[in-house]
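S.K.: Mind looking at a prediction? Sequence and model below.
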Amino acid sequence: MNKKAKMDIREKLRILSAAAKYDVSCSSSGSSRCAPPGGLGDACSAGICHTWAADGRCVSLLKVLLSNACKYDCAYCVNRRSNDVPRATFTPKELIQLTIEFYRRNYIEGLFLSSAVIKDPDYTMELLVKIARELRTVHRFGGYIHLKAIPGASARLLYEAGLYADRSSVNIEVPSDRSLQYLAPEKNFASVYAPMNFFAERKLEYKASVSRYTPSFLPAGQSTQMIVGASGESDYQILSLSSGFYNQQKLKRVYYSGYVPINADKRLPVLTTKPPLVREHRLYQADWLMRFYKFRYDEILDEAHPNLDLELDPKIGWALRHPELFPVDIQHADYEMILRIPGIGVKSAQLIVSGRRFTKLRLEHLKKMGVVLKRAKYFIYHPDTPASLRRLYPEMVRPLLLPRPKSGQLDLFANAPLALPA
Ligand code: SF4
């Protein structure tokens with residue numbers, strides 16, 4: 001590679017890794033460390049980010065776009081055609097070479113490859129697939145590949161993508177078809193759902209095949225991302241959509257991205273405060289409740305309560321709306337009900353269910369099991385609780401669970417006898 005070409009690739013890498021940063025399907029390392037002169041390694045440039053493997057390992061990925069020269073004009077996107085930003089496009093050969101060289105230097109363990117729509121969806125998808133195919137078949141690359149699926153791409157290309165990539169994602173972008181068509185006129189829900197449904201069906205077919213010669217198809221499944229706060233949908237609508245993705249398209253993850261104003265566009269809201277990061281955080285908590293705590297979306301929120309409480313986590317919010325179910329007798333309650341007690345996680349609930357067979361659980365047992373008593377204590381029942389407190393009074397408990405004001409606040413329950421009887 002001559003020096004001029006090397007410089008070109010470096011510049012492309014700078015532009016296209018910066019352009020990929022708004023995709024939150026994998027999180028950034030957040031480091032700004034640069035290599036000293038003559039040193040080795042550079043954490044800030046070159047688009048290296050981290051994600052988690054199924055076994056909990058953190059793996060580093062080259063996160064980059066094939067191109068940011070987009071034909072489309074989505075209101076919320078930095079790469080839209082009407083923006084005056086530096087444009088760049090890798091050739092498949094350049095991207096393959098970069099991936100292999102970074103891998104050999106131990107900078108990365110995989111590739112997260114997305115792209116703007118270059119000419120049309122099939123043209124772009126063809127290039128993405130070509131890169132994945134050559135990495136797998138010519139270079140025998142065994143690292144992780146996350147490949148974006150371009151809405152509108154043909155089934156043939158999606159099928160090939162599924163054969164070479166570990167995970168694929170197609171972004172739903174905003175939580176309703178109406179908003180998507182308003183903010184991204186060249187897209188609609190049908191074009192986003194088509195690749196999702198295609199992948200879900202092929203995965204089922206591959207799963208049903210018992211032959212050991214059947215190649216794997218998207219072994220790490222698929223994910224999607226939506227922007228929160230760029231359009232007017234409620235959290236109830238967002239969770240309903242996510243719930244459908246988990247149950248019907250069998251997505252592994254839905255990522256939420258608080259709207260960050262990048263473009264001045266009259267179709268977008270003007271933020272008078274900071275981006276809705278607390279809302280984003282609450283949505284992730286609610287999403288967690290659906291995936292690991294067996295909550296249905298319409299239990300977490302309903303039409304009468306369409307938005308998450310920004311001050312309290314959604315599990316507490318749900319418990320306070322259902323005082324009739326609390327306090328819970330942890331010595332006898334079902335596992336499912338124990339799982340719903342604020343301050344008790346999946347592991348603690350399992351330990352409670354197995355531990356209570358041998359002894360009456362006391363507070364010190366619960367503490368050792370990882371129960372967060374400062375939250376759980378308002379929602380668990382024990383015979384020593386004074387009769388007057390053997391009911392959950394949401395209006396009394398809510399202020400006690402809010403972040404403490406600086407002046408300090410008296411805990412009405414602080415001196416209540418909370419120890420469970422032996
Ligand atoms: S198609 Fe993708 S890259 Fe192009 S403007 Fe829309 S969101 Fe941005």
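M.R.: Perfect, I can see it now.

S.K.: Identify the residues contacting residue 251.
M.R.: 196, 221-224, 245 (C-beta atoms under 8 Å, 6 or more residues apart in numbering). Placement of C-beta: from N, CA and C, glycine included.

S.K.: Redo those residues as JSON lines? Include distance to residue 236, pLDDT and neighbour count.
M.R.: Output for these, formatted as JSON lines (distance: C-beta to C-beta, whole Å; pLDDT from 0 to 100; neighbours: other C-beta atoms under 10 Å):
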{"residue": "196", "distance to residue 236": "22", "pLDDT": "97", "neighbour count": "24"}
{"residue": "221", "distance to residue 236": "26", "pLDDT": "93", "neighbour count": "18"}
{"residue": "222", "distance to residue 236": "24", "pLDDT": "94", "neighbour count": "24"}
{"residue": "223", "distance to residue 236": "22", "pLDDT": "94", "neighbour count": "20"}
{"residue": "224", "distance to residue 236": "18", "pLDDT": "96", "neighbour count": "23"}
{"residue": "245", "distance to residue 236": "15", "pLDDT": "98", "neighbour count": "21"}
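
S.K.: Next, count neighbours for residue 369.
M.R.: With neighbours defined by other C-beta atoms under 10 Å, the count for residue 369 comes to 18.

S.K.: And the closest residue to it other than its chain neighbours, how close does it get to the ligand?
M.R.: Distances taken as C-beta to C-beta, 6 or more residues apart in numbering put residue 351 closest to residue 369, at 4.2 Å, once the chain neighbours are dropped. Using C-beta to the nearest ligand atom, to the nearest Å, residue 351 is found at 45 Å from the ligand.

S.K.: Residue 351 - that's part of a strand, no?
M.R.: No: looking at residue 351 with DSSP: H, G, I helix; E, B strand; the rest coil, it is helix, so not inside a strand.

S.K.: How is the chain partitioned into domains?
M.R.: With domains defined by automatic domain parsing, the chain comprises 3-33+43-223, 314-401.

S.K.: now residue 302, which residues is it bridged with?
M.R.: Per DSSP bridges, residues listed as beta-bridge partners of residue 302: residue 305.

S.K.: touching the ligand at all, the strand or helix carrying residue 62?
M.R.: For residue 62, the host element (DSSP states H and E) is strand 58-65. No: judged by C-beta under 6 Å from any ligand atom, strand 58-65 stays clear of the ligand, getting no closer than 7.8 Å.

S.K.: Please name the nearest non-neighbouring residue to the residue nearest to the spatial centre of the chain.
M.R.: Closest residue to the average C-alpha location of the chain: residue 255 at 3.0 Å, with C-alpha atoms, centre = their mean. Leaving aside its sequence neighbours, residue 255 sits nearest to residue 225 (C-beta to C-beta, 6+ apart; 4.2 Å).

S.K.: do the same with residue 318
M.R.: residue 300 (5.9 Å).

S.K.: What of residue 86?
M.R.: residue 15 (5.2 Å).

S.K.: what secondary structure does that neighbour sit in?
M.R.: Criterion first, three-state DSSP; result for residue 15: helix.

S.K.: could you pull out the strands for the stretch 151-300 of the chain?
M.R.: Here the stretch 151-300 of the chain has its strands, by DSSP state E, counting those that start in this stretch, at 167-169, 222-228, 253-258.

S.K.: In PDB, list the C-alpha atoms belonging to the second one.
M.R.: What it means is strand 222-228. C-alpha atoms of strand 222-228 as PDB (Å, rounded to 0.1, in the frame of the first residue of the first chain):
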ATOM      1  CA  GLN A 222     -30.900  -9.700  15.600                       C
ATOM      2  CA  SER A 223     -31.400  -6.400  17.300                       C
ATOM      3  CA  THR A 224     -32.800  -2.900  16.500                       C
ATOM      4  CA  GLN A 225     -32.600   0.600  17.700                       C
ATOM      5  CA  MET A 226     -35.100   3.400  18.100                       C
ATOM      6  CA  ILE A 227     -34.700   7.100  18.800                       C
ATOM      7  CA  VAL A 228     -36.700   8.300  21.900                       C
END
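
S.K.: outside of it, which residues touch it?
M.R.: By C-beta under 8 Å, 6+ apart, strand 222-228 touches 23-25, 76, 167-175, 192, 196, 199-200, 238, 241, 245, 249-259, 276, 279-280, 283.

S.K.: now it and strand 253-258, what's the angle there?
M.R.: 20 degrees (axes from the mean of the first three to the mean of the last three C-alpha atoms, to 10 degrees).

S.K.: What sits closest to residue 119 if chain neighbours are left out?
M.R.: Using C-beta to C-beta, 6+ apart, the nearest residue to residue 119 is residue 71, at 6.6 Å.

S.K.: Could I get the contacting residues of the one you found?
M.R.: By C-beta under 8 Å, 6+ apart, the contact set of residue 71 is 81, 116-120, 186.

S.K.: quick one: which of the residues you listed is nearest to the ligand?
M.R.: Nearest to the ligand among those: residue 116, at 3.7 Å, using C-beta to the nearest ligand atom.

S.K.: what number of residues lie near that closest one?
M.R.: Residue 116 has 24 neighbouring residues, counting by other C-beta under 10 Å.

S.K.: Now do the same contact list for the closest residue to it other than its chain neighbours.
M.R.: Nearest residue to residue 116, sequence neighbours excluded (C-beta to C-beta, 6+ apart): residue 70, at 3.4 Å. Counting by C-beta under 8 Å, 6+ apart, residue 70 touches 77, 79-81, 116-118.
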